[in-house]
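*Asks:* Based on what follows, work out the 3D shape:
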Amino acid sequence: MASKIVVGYDGSEAAERALDFAMSRADLSGNSLVIAHVLEWSPYSFLTPSEVEERHRRRTEEMQRAETAILAPLTARIRAAGIEVETLIRYGHTAETMCRIATEQDAAMIVIGRTGHSGFAARLFGSVAGTLAQVAPVPVVIVP
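*Replies:* Reported below is the predicted structural model:
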């Protein structure tokens, strides 16, 4: 039975490796891909009405830019390989948003790339890959 593979994609080399892995799995198993592009967006609770309007305008521009520059060419490439694909752009904390997407899409797995950062901040605060490995509702494949 075919199911969905959610791929976290940000245009980085690590995301490209994750996408290549996910495409090979989808091709072998007949799964479809859900490409999730998550834009980090911290909520500010104390904004003036004009600041809220400006943030909304910038957010809309960022989403349009991501759709045009990143996801549209990616979708064409995946479909040309004969793989069914859909894309999602969301704002929020990356790991939390990826978990939500996996649940909403009834995904079989999440595939993400490991960026290779292993500095003090990553050890102290954790990484998206580490967080997903611990809390995701489905298996997580972390592609090196």
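*Asks:* Looks to me like Gly11 is in a strand.
*Replies:* No: remark: Gly11 does not belong to a strand; assigned using DSSP: H, G, I helix; E, B strand; the rest coil, it is coil.
*Asks:* Thr103 is in contact with Val135, isn't it?
*Replies:* No: using CB atoms under 8 Å, Thr103 makes no contact with Val135, being 11.5 Å away. C-beta: built from backbone N, CA, C; applies to glycine.
*Asks:* Need the phi and psi values for the residue most central in space within the chain.
*Replies:* In the chain, the C-alpha nearest the mean C-alpha coordinate belongs to Gly8, at 2.7 Å (CA atoms, centre = their mean). As for Gly8, its main-chain torsions (degrees, to the nearest 10) stand at phi -80, psi 120.
*Asks:* So the nearest residue to Leu71 once chain neighbours are set aside: helix, strand or coil?
*Replies:* Leaving out its chain neighbours, the residue that sits closest to Leu71 by CB to CB, 6 or more residues apart in numbering is Thr87, at 4.4 Å. Taken by three-state DSSP, the conformation at Thr87 corresponds to strand.
*Asks:* before we move on, back to that, from the structure, what's the count of residues near the residue lying closest to the residue nearest to the centre of the chain once chain neighbours are set aside?
*Replies:* Nearest non-adjacent residue to Gly8, counting by CB to CB, 6+ apart: Ile112, 4.1 Å away. The local packing of Ile112 (other CB atoms under 10 Å) involves 31 other residues.
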